[in-house]
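Peer 1: Build me a structure from this.
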Amino acid sequence: MTTERSQTLGEFIIEKQEDFKYSSGELSRLINSLRLAAKVVSHQVNQAGLVDIVGAFGKQNVQGEQQQKLDVFANEVFIKTLINREIVCGIASEEEDDFISIHGRDGSNDNKYVVLMDPLDGSSNIDVNVSVGTIFSIYRRVTPVGTPVTKEDFLQKGDNQVAAGYIVYGSSTMLVYTTGNGVHGFTLNPAIGTFFLSHPNMKINEDGHIYSINEGNYVHFPQGVKDYLKYCQAEEGDRPYTSRYIGSLVSDIHRNILKGGIYIYPTSTKAPKGKLRLLYECNPIAFIIEQAGGRASDGYNRIMEVEPTELHQRVPFFCGSKNMVEKAEEFMKK
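Peer 2: Numbering: from 1, shown residues only. As a prediction, the model looks like this:
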């Protein structure tokens, strides 16, 4: 599809606004804010190696992970953009210890949405020129409008999401999002700074031939995961499957949506609760995967039905092609 005939992201948002049950225009402005921040981060990612933006920042985040310079940069860009546009009442970021309550000069805020995000997923890959991404999740607040947000506004089940998406910064920059009416992908034309609809109504195959997991941790996996991997590698029917693992969640998920496959980050003896964050990574990706026709679970239960108990909660994650995830769940339940 050529960009001359393609719809821009802005045009698409306006056209589809009525599909959204809260069609007040606020959500449209919020997604437009995320689009602007994505362009700034995309430009900086493409400058990596030319400017002093690669490498470690020298501090650890609340997760105990080494922050990269681009983590800090992306986090600041998305937060500043959302605050300056006066479009949200609260923000929670994987890079922040606690949520950010946003209020006007009089102390009130009449905005209805909170944003949770992983500003730069897979940032350690920047140094070796591998694709990275941003993940975002949007909810309507549950506390009264006009009052300061509380943790309750952020600790909502994935089923309550009103929108979610990711931006992948790779050979091209793509923004993929859903508001519960299908999944649509937009590719940035850097020459004019505009996102164009390139992947309308994205669907993941019910079956796939790719499994994505860090097999280096095999000895630490639960038995159900080990048995499923043996199943994937067995020469029978359309197997063995192909192993593809980038180590950048957005990149692995994006590829599997387009080609069909399963992504697994299970519990292990090294990470007994799993490694991925429920609110910043698993819930938004699960919303997208389900809207594309796939399945997402913790190996036993649907991810979007998990009741969050803390901002930085970790969970095991199985998502992708419906039949592949169901087969993995069978092995887990055995």
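
Peer 1: what about stretch 176-184, how long is it end to end?
Peer 2: Chord length of stretch 176-184, first to last residue, is 6 Å (CA to CA, to the nearest Å).

Peer 1: What of stretch 306-316?
Peer 2: End to end - CA to CA - stretch 306-316 spans 11 Å.

Peer 1: Could you check how far it is from the centre of its chain?
Peer 2: Centroid separation for stretch 306-316 versus its chain: 15 Å, with CA atoms, centre = their mean, to the nearest Å.

Peer 1: Quick check: mean pLDDT of it?
Peer 2: The average pLDDT within stretch 306-316 is 97.

Peer 1: Would you mark the buried spots in it?
Peer 2: Neighbour-count burial for stretch 306-316 flags Val306, Pro308, Leu311, His312, Gln313, Arg314, Val315, Pro316 (criterion: 16 or more other CB atoms under 10 Å). Heads up, the C-betas are built off the backbone N, CA and C, glycines and all.

Peer 1: Mark which of the residues you listed are part of strands, please.
Peer 2: Mapping the buried residues of stretch 306-316 onto strands (DSSP state E) picks out Arg314, Val315.

Peer 1: May I ask which two of the buried residues of stretch 306-316 are separated the most?
Peer 2: Maximum pairwise distance in the buried residues of stretch 306-316, criterion CB to CB, is 18.3 Å, between Leu311 and Pro316.

Peer 1: from the buried residues of stretch 306-316, which is closest to Ile262?
Peer 2: Nearest to Ile262, judged by CB to CB, of these is Pro316 at 13.1 Å.

Peer 1: That closest one is in contact with Arg277, isn't it?
Peer 2: No - in this structure, Pro316 is not within contact of Arg277 by CB atoms under 8 Å, at 11.8 Å.

Peer 1: residues of the helix or strand harbouring Ser33 that come out buried?
Peer 2: Secondary structure from DSSP states H and E places Ser33 in helix 26-47. For helix 26-47, burial by neighbour count (16+ other CB under 10 Å) applies to 26-39, 41-42, 44-45.

Peer 1: Which pLDDT does the model give Asn46?
Peer 2: Here, the pLDDT recorded for Asn46 equals 80.

Peer 1: got the contact list for stretch 206-214?
Peer 2: For stretch 206-214, the external contacting residues (CB atoms under 8 Å, 6 or more residues apart in numbering) are 225, 229, 232, 238, 241-247, 252, 255-256, 259-266, 293, 320-324.

Peer 1: Go again with 6 Å.
Peer 2: Stretch 206-214 has contacts (CB atoms under 6 Å, 6 or more residues apart in numbering) with 232, 241-245, 252, 260-264, 321-324.

Peer 1: Now do the SS call for the spatially most central residue of the chain.
Peer 2: Closest to where the C-alpha atoms of the chain average out (CA atoms, centre = their mean) is Ile135, at 3.2 Å. Of the three states, Ile135 takes strand according to DSSP: H, G, I helix; E, B strand; the rest coil.

Peer 1: just to revisit the earlier point, contacts for the helix holding Ser33, please.
Peer 2: For helix 26-47, contacts defined as CB under 6 Å, 6+ apart pick out 9, 13, 17, 20, 74, 77-78, 81-82, 85, 87, 113, 136, 167, 169, 173, 175, 193.
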